[in-house]
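Enquirer: What follows is a predicted structure for the sequence shown.
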Amino acid sequence: MRMSEADWDAVLDINLKGTFLFTKAFTRAFLKQKSGRIVNIASVIGLIGNAGQCNYAASKAALLGFTKSVARELASRGITVNALAPGFVETDMTGGLTEELKANILRQVPLGRFGQPEDIAQAAVFLAGPGARYVTGQVLVVDGGMVM
């Protein structure tokens with residue numbers, strides 16, 4: 001109700017249109033070399049939603065559909081397209097949360113802790129590497145068990 005159209009557009013432009021433009025920029029080169037890896041960064045919020053973040057949740061949910069569609073389009077050319085859906089990760093942003101909010105979030109995470117940036121990086125390395133050569137159109141949730 002209180003979200004401005006400008007706030008809606010800004011988040012959709014960054015999270016969805018930005019991914020579209022980035023994918024478009026690399027596709028021609030990947031097609032020429034008949035291989036490539038695209039790893040999009042979504043969020044668990046795109047899977048479960050979050051009060052007060054309908055623009056963010058919508059953009060990340062749409063990113064999952066985009067990932068699956070592009071994976072279908074490019075698979076026959078040897079290009080894999082997958083997405084990571086991180087949960088709550090220790091960053092400057094989560095560092096600014098109140099202790100009460102952090103405690104409420106951690107009650108939803110079976111592993112009982114926030115993720116580390118390295119946890120997301122290692123998942124991206126897997127999806128970008130040879131071990132994931134037969135993985136495409138998938139969403140790898142890295143969230144300490146929050147969404148299961």
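Expert: All right, it came through fine.
Enquirer: Against which helices or strands is the helix or strand hosting Leu74 packed?
Expert: Counting by DSSP states H and E, the element that carries Leu74 is helix 54-74. Where contact means 3 or more Cβ pairs under 8 Å, 6 or more residues apart in numbering; DSSP states H and E, helix 54-74 is packed against helix 5-12, helix 18-33, strand 36-41, helix 45-48, strand 79-86. Every residue, glycine included, has its C-beta placed from N, CA and C.
Enquirer: Quick check: the residue most central in space within the chain vs Val139, distance?
Expert: For the chain, the residue nearest the mean C-alpha position is Ala42 (1.5 Å; Cα atoms, centre = their mean). According to Cβ to Cβ, to the nearest Å, Ala42 stands 7 Å off from Val139.
Enquirer: got any residues that touch both of the two?
Expert: Common contact partners of Ala42 and Val139 (Cβ atoms under 8 Å, 6 or more residues apart in numbering): Leu64, Thr67, Ala83, Leu84, Ala85.
Enquirer: For the last one, list each beta-bridge partner.
Expert: Going by DSSP bridges, Ala85 is paired in beta bridges with Val141.
Enquirer: which residues does it contact?
Expert: 42-44, 46-47, 60, 64, 139-143, 147 are the contacts of Ala85 under Cβ under 8 Å, 6+ apart.
Enquirer: Also the third one?
Expert: Under the criterion of Cβ under 8 Å, 6+ apart, the contact partners of Ala83 comprise Val39, Asn40, Ile41, Ala42, Leu63, Leu64, Thr67, Gln138, Val139, Leu140.
Enquirer: Tell me how far it lies from Arg133.
Expert: Taken as Cβ to Cβ, the span from Ala83 to Arg133 is 17 Å.
Enquirer: Ile79 contacts Val39, doesn't it?
Expert: No - using Cβ atoms under 8 Å, Ile79 is not in contact with Val39; the gap is 11.6 Å.
Enquirer: Could you check which of these two has the larger neighbour count?
Expert: More crowded of Ile79 and Val39, by other Cβ atoms under 10 Å: Ile79, with 21 against 18.
Enquirer: which residue sits closest to that one in space, ignoring its chain neighbours?
Expert: Gly36 (4.3 Å; Cβ to Cβ, 6 or more residues apart in numbering).
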